[in-house]
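Peer 1: Structure for the following, please:
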Amino acid sequence: MDLRRHLADTLSAANAACGVASAFFAFHGRADLSLLLLMAGAVFDGLDGAAARRFGGTRFGVLADDVADAISYAIAPAIAVAVVTAGVEGTVVGVVYGALTIARLVFFTLKKGAPDTDPGQFRGLPSTVGGVIVIAAAILAPHQPVLVAFAAGMAVVLMVSFDAGFVHLGRAFADLAPAHRRRVGLLAAGTIVVAAALGPTVLATAALWCALAYAFTPHLQAFAGAIQAHRAA
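Peer 2: Down below sits the predicted model:
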């Protein structure tokens, strides 16, 4: 038996564990830890895909990956919004966001391997980034359901912007030279550790700005291209 085939399964299980822990801490009002665990799960999510492409995987790994994504990027952010913002409004925003994100994940799963898909890109904002935006907004604007609802609505709209292509960060990272991968990995890990050490507000602010920069880059590039094409006409 080739044990390497189970590496992807192990990483998927780690992703699922991060998702469960993220939902647990969100339920207990620790949205900062929920955000950190979401990001940790995203790392395992990227690694299990790379391991599956290289060594293969099993049906368990595929199922665990799908379940982990639903928990980490839909259920945990929904719980964080409902608990942190409190009240009926926060609960409604959380439930609606969670349901729409699960629908987005189902669509993405159904589109996997389709002939018109580019493995180097996501069509529509990845739900990972949507979850970061929503949890960060809940941390920065507690008890402000209108602001959190705006952030959640923006994230959902971006997730279904299927005409926009978003760079698959995991594949882009894997394509780097080994030395560059180490530098980028250490820089990203160091930034997260420092931001987390400085407190939930700093962590949420840094995560939100990074997520928004990633979310709007394809749209800004498309807008700039349209301006250039107009000037050239």
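Peer 1: pull the helix or strand with minimum mean pLDDT from this protein.
Peer 2: Every helix and strand in the chain was compared by mean pLDDT, DSSP states H and E; the lowest is helix 169-174, with a mean of 69.
Peer 1: For the next helix or strand after it, buried residues please.
Peer 2: Sequence order places helix 178-197 as the next helix or strand after helix 169-174, per DSSP states H and E. Neighbour-count burial for helix 178-197, with 16 or more other C-beta atoms under 10 Å as criterion, is recorded at 192, 195-196. Yep, even glycine has a C-beta here, placed from its N, CA and C like the rest.
Peer 1: So which elements touch the longest helix seen in the chain?
Peer 2: Scanning the chain for the helix with the most residues, using DSSP state H, yields helix 200-232. Identification of packing neighbours for helix 200-232 by 3 or more C-beta pairs under 8 Å, 6 or more residues apart in numbering; DSSP states H and E yields helix 31-55, helix 127-140, strand 165-167, helix 178-197.
Peer 1: picking up where we left off before, from the buried residues of helix 178-197, which single one is nearest residue 42?
Peer 2: When the buried residues of helix 178-197 are ranked by distance to residue 42 (C-beta to C-beta), residue 192 comes first, at 11.1 Å.
Peer 1: Excluding sequence neighbours, find me the nearest residue to that closest one.
Peer 2: residue 39 (6.6 Å; C-beta to C-beta, 6 or more residues apart in numbering).
Peer 1: Count the neighbours of that neighbour for me.
Peer 2: With neighbours defined by other C-beta atoms under 10 Å, the count for residue 39 comes to 21.
Peer 1: That one contacts residue 207, doesn't it?
Peer 2: Yes - in this structure, residue 39 is within contact of residue 207 by C-beta atoms under 8 Å, at 7.4 Å.
Peer 1: Show me whatever sits in contact with both of these two.
Peer 2: Residues touching both residue 39 and residue 207 (C-beta atoms under 8 Å, 6 or more residues apart in numbering): residue 132.
Peer 1: returning to that earlier point: which one, of the helices and strands packed on helix 200-232, ends up nearest to residue 232?
Peer 2: Judged by C-beta to C-beta, the one of these that comes nearest to residue 232 is strand 165-167, at 22.3 Å.
Peer 1: Quick one: mean pLDDT for the closest one?
Peer 2: Model confidence over strand 165-167, given as mean pLDDT, is 78.
Peer 1: Please give me every residue in contact with the nearest residue to residue 203 once chain neighbours are set aside.
Peer 2: Spatially, and ignoring its direct neighbours in sequence, residue 203 is nearest to residue 195 (4.5 Å; C-beta to C-beta, 6+ apart). With C-beta under 8 Å, 6+ apart as the criterion, the residues that contact residue 195 are 202-203, 206-207.
Peer 1: Next: residue 75.
Peer 2: Applying C-beta under 8 Å, 6+ apart to residue 75 gives the contacts 19, 23, 98.
Peer 1: show me what contacts the last one?
Peer 2: Meaning residue 98. The contact partners of residue 98, taken as C-beta under 8 Å, 6+ apart, are 74-75, 77-78.
Peer 1: of all those, which comes closest to residue 139?
Peer 2: Proximity of the contacts of residue 98 to residue 139, judged by C-beta to C-beta, is greatest for residue 77, which lies at 11.2 Å.
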